[in-house]
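Asker: sharing a model that was predicted from the sequence below.
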Amino acid sequence: MVKTRFAPSPTGFLHVGGARTALFNWLFARKHGGQFVLRIEDTDQVRSTAESAAGILADLQWLGLDWDCGPQPGTTKNEYFQSMRLELYNGYLEQLVKDGRAYEAYETPQQLATMRLAAEKMKRPFRYRRNMPGRAEPGSGPTVLRFEMPFETITFHDLILGDISVGGDEHDDIIIRKSDGFPTYHFAVVVDDHDMGITHVLRAQEHLMNTPKHLGLYKALGWQPPAHAHMPLVFNMDNTKMSKRDKTKAARAAAAAWVKQGNNSDTLSEKTGIPPNQLKEFLDKKADDSRIAAAIGAALNVALPEIDVQDFRRSGYLSDALLNFIALIGWSPGENREILTRDEMLQLFSLETIGKTSGRFDRKKLLWMNGEYIRQRSINDLQRDLAAFNAVTDYPLKQATETQQRELLAMYQERTGTLADMAENSRFFFEEPTLDAAAYKKHIESGNGWTALRQIRDMLTAVTDWSREPLAPVIEKIIELGEKRGAAPQTLRVAVCGGPVSPPLLETLCLLGRETTLARIDRILGLQRPTSGT
RNA sequence: GCCCUCAUCGUCUAGAGGCCUAGGACACGGGCUUUUCACGCCUGUAACUGGGGUUCGAAUCCCCAUGAGGGCACCA
């Protein structure tokens, strides 16, 4: 039976690249009627956090990628956390030592760094090997366990890339147990993949060069290795790696631009609520805290690039759209297909149709695709998406009743790329709009604006039954008002919405209600200076 | 520096020797529709990295060059 796994390390949020790896593993397992395992690789005691693990689970759930074995959301660590499996690792570690395949080493990190530097100076790659001269004496430093790699060419068949082979003198004796007693990634993956019966290891191409090391371990432990498949990477449009650092970079740039405008960085500290010393550390690139980045983005009203799954959720992307888009980077379903349901993906997915070339993350295409999903979706489904969106954001749209939500979704689904866009553009339904000065000047202050607005006010005041049927003919009349067709409705729109853009007036006025509509018109009429009357 | 991998429109890709005067989608340009913004519809621009082979024939196979990316941690 096919068994795949997704094995994130809980040191941050779930990255879109990680989400894609999870998706492909999920697809492959489901496609073949197999199992999908979620394993938390928390062997880095310093960087792993419980919150991160919880966040990753939540993001996977939002994406709809369910796992057959793994941590139970909302409970404590179980055996799918590597930190709970130390006994297992230690057993095999002992076995390797007994078999003479693992040995202790005592260099300090500083010594190792010096050795690397020396090798670099001689323009030779540094390889730590058991038989090399100058190894540290027992007791002279912390003890780690290294695995003695054989001096032989290792060739393996990658299900995506084909045959890969790496020469014997390229290997080195990797550390398999750190001085804190925890296994390293290399050792823990091998033990766990074997122990959990993983049949296919599908991971990002950055792991390609790890595979020979892992294969060496499988052989030494006498195990049959799983099949491997390395998928192409995903980059930014500028060909840089998509990373959390894109967010910190954007935040620093925003802060720098803000200071350049003559603002004081102390006020930034106040605005963000970040202590000055922490803020300074961040701005001086001494710390890469993404929370500080987010705070700066929020305070300065600058959108940071979405990198993590939760960023996309907050920006109002639908999980299905994000998943669909991510699937298409490095994989082609053929037949010129693009928009695919999960079932269709399952039908068409195969390792053979995964490409070899790395792809770029084209946000414009994602935006289009998200709009496409919003348009095709039923209002009921959209309401569920909106609930998930509202749960992690705080727009005035949150105040909408169920009925209002449905009306809003119906009028925005043709004209919005993301739920955040809709939330932003529909603000005027929930709070007094700030008047767009240019629009005011153009559509109200000039031409017949004032006259038209007064006429409109009178026409609307006459409507007592404020609903679609009675209102529709009135809107028609407003369209014909004045000599320039279409001018009057714009005047009304600006008066009521604050700006030149809104959904069609009929729907807009219906949802806004009679009282609010008339009050906003009157408020605008009150701005007219007596002398400028027509 | 060493090792590994990859190479089709700006971007994601189709293409498994003749079906390719290279197809689709996003983006971009033009037009239609229109109470704004969108949506929708029609339409246009745009690519086989270069050089050598192999072959009757190459985007497709081989070699070299170039370019891009990944790896070279007590991180995963």
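Answerer: Received it, and whenever you're ready, just let me know what you need. Residues are numbered from 1 along each chain as shown, chains lettered A, B, ... in the order given.

Asker: what number of residues are in the vicinity of the residue lying closest to A:Lys77 once chain neighbours are set aside?
Answerer: Distances taken as Cβ to Cβ, 6 or more residues apart in numbering place A:Met84 nearest to A:Lys77, at 5.4 Å, with adjacent residues excluded. For glycine as for every other residue, the C-beta is placed from the backbone atoms N, C-alpha and C. Residue neighbour count, defined by other Cβ atoms under 10 Å, stands at 14 for A:Met84.

Asker: now chain A, which segments are flagged as low pLDDT?
Answerer: Scanning chain A for pLDDT under 70 picks out A:530-534.

Asker: just to revisit the earlier point, for the residue nearest to A:Lys77, give its distance to RNA strand B.
Answerer: 14 Å (Cβ to the nearest atom of the strand, to the nearest Å).

Asker: thought that residue was touching A:Asn78?
Answerer: Yes - A:Met84 is in contact with A:Asn78 according to Cβ atoms under 8 Å; the separation is 6.8 Å.

Asker: quick one: the helices in the stretch 151-300 of chain A, in order.
Answerer: All helices of the stretch 151-300 of chain A, identified by DSSP state H, counting those that start in this stretch, fall at A:185-195, A:211-221, A:245-260, A:265-272, A:276-283, A:290-300.

Asker: strands of chain A, start to end?
Answerer: Per DSSP state E, chain A carries strands over the ranges A:3-6, A:35-38, A:102-105, A:144-147, A:154-158, A:162-166, A:175-177, A:200-204, A:227-231, A:234-235, A:359-360.

Asker: of all those strands, which lies closest to RNA strand B?
Answerer: Ranking these by proximity to RNA strand B (Cβ to the nearest atom of the strand) places strand A:359-360 first, at 3.3 Å.

Asker: can you list the strands of chain A in a markdown table and add mean neighbour count and distance to A:Leu63?
Answerer: Listed next are those as a markdown table, based on neighbours: other Cβ atoms under 10 Å; distance: least, Cβ to Cβ, whole Å:
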| stretch | mean neighbour count | distance to A:Leu63 |
| --- | --- | --- |
| strand A:3-6 | 25 | 11 |
| strand A:35-38 | 21 | 12 |
| strand A:102-105 | 18 | 39 |
| strand A:144-147 | 22 | 36 |
| strand A:154-158 | 15 | 26 |
| strand A:162-166 | 12 | 30 |
| strand A:175-177 | 22 | 33 |
| strand A:200-204 | 22 | 17 |
| strand A:227-231 | 21 | 17 |
| strand A:234-235 | 18 | 16 |
| strand A:359-360 | 16 | 19 |
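
Asker: can you list those in JSON lines and add distance to RNA strand B?
Answerer: JSON lines is the format used below for the strands of chain A (distance: least, Cβ to the nearest atom of the strand, whole Å):
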{"stretch": "strand A:3-6", "distance to RNA strand B": "11"}
{"stretch": "strand A:35-38", "distance to RNA strand B": "13"}
{"stretch": "strand A:102-105", "distance to RNA strand B": "8"}
{"stretch": "strand A:144-147", "distance to RNA strand B": "5"}
{"stretch": "strand A:154-158", "distance to RNA strand B": "8"}
{"stretch": "strand A:162-166", "distance to RNA strand B": "5"}
{"stretch": "strand A:175-177", "distance to RNA strand B": "4"}
{"stretch": "strand A:200-204", "distance to RNA strand B": "8"}
{"stretch": "strand A:227-231", "distance to RNA strand B": "8"}
{"stretch": "strand A:234-235", "distance to RNA strand B": "6"}
{"stretch": "strand A:359-360", "distance to RNA strand B": "3"}
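
Asker: can you redo those strands as JSON lines with distance to A:Ala438?
Answerer: Shown next, in JSON lines, are these (distance: least, Cβ to Cβ, whole Å):
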{"stretch": "strand A:3-6", "distance to A:Ala438": "50"}
{"stretch": "strand A:35-38", "distance to A:Ala438": "52"}
{"stretch": "strand A:102-105", "distance to A:Ala438": "70"}
{"stretch": "strand A:144-147", "distance to A:Ala438": "66"}
{"stretch": "strand A:154-158", "distance to A:Ala438": "58"}
{"stretch": "strand A:162-166", "distance to A:Ala438": "59"}
{"stretch": "strand A:175-177", "distance to A:Ala438": "64"}
{"stretch": "strand A:200-204", "distance to A:Ala438": "48"}
{"stretch": "strand A:227-231", "distance to A:Ala438": "49"}
{"stretch": "strand A:234-235", "distance to A:Ala438": "39"}
{"stretch": "strand A:359-360", "distance to A:Ala438": "36"}
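
Asker: what about those strands, which gets the closest to A:Asp66?
Answerer: strand A:35-38 (7.6 Å; Cβ to Cβ).

Asker: and that closest one, what does it pack against?
Answerer: strand A:3-6, helix A:16-31 (3 or more Cβ pairs under 8 Å, 6 or more residues apart in numbering; DSSP states H and E).

Asker: what about the last one, near RNA strand B?
Answerer: No - using Cβ under 7 Å from any atom of the strand, helix A:16-31 never reaches RNA strand B; the gap is at least 9.2 Å.

Asker: excluding chain neighbours, what is closest to A:Thr155?
Answerer: Nearest to A:Thr155 is A:Ser165, by Cβ to Cβ, 6+ apart, at 3.8 Å.

Asker: likewise A:Arg520?
Answerer: The nearest residue in space to A:Arg520 (Cβ to Cβ, 6+ apart) is A:Val496, at 5.0 Å.

Asker: neighbours of the one you found, just the number please.
Answerer: For A:Val496, the neighbour count with other Cβ under 10 Å is 25.

Asker: quick check: it vs A:Glu476, distance?
Answerer: For A:Val496, the distance to A:Glu476 equals 17 Å [Cβ to Cβ, to the nearest Å].

Asker: ok, now A:Glu148?
Answerer: Taken as Cβ to Cβ, the span from A:Glu148 to A:Glu476 is 85 Å.

Asker: these two: which is more packed in?
Answerer: Neighbours per residue (other Cβ under 10 Å) separate A:Glu148 from A:Glu476, with A:Glu148 holding more: 20 against 10.

Asker: so that one makes contact with A:Ala102?
Answerer: Yes - the criterion here is Cβ under 8 Å, and A:Glu148 meets it with A:Ala102 at 6.8 Å.

Asker: what about the closest residue to RNA strand B within the stretch 1-150 of chain A, distance to A:Phe81?
Answerer: Among all residues of the stretch 1-150 of chain A, A:Glu41 sits closest to RNA strand B, at 3.0 Å; criterion: Cβ to the nearest atom of the strand. Counting by Cβ to Cβ, the gap from A:Glu41 to A:Phe81 is 9 Å.
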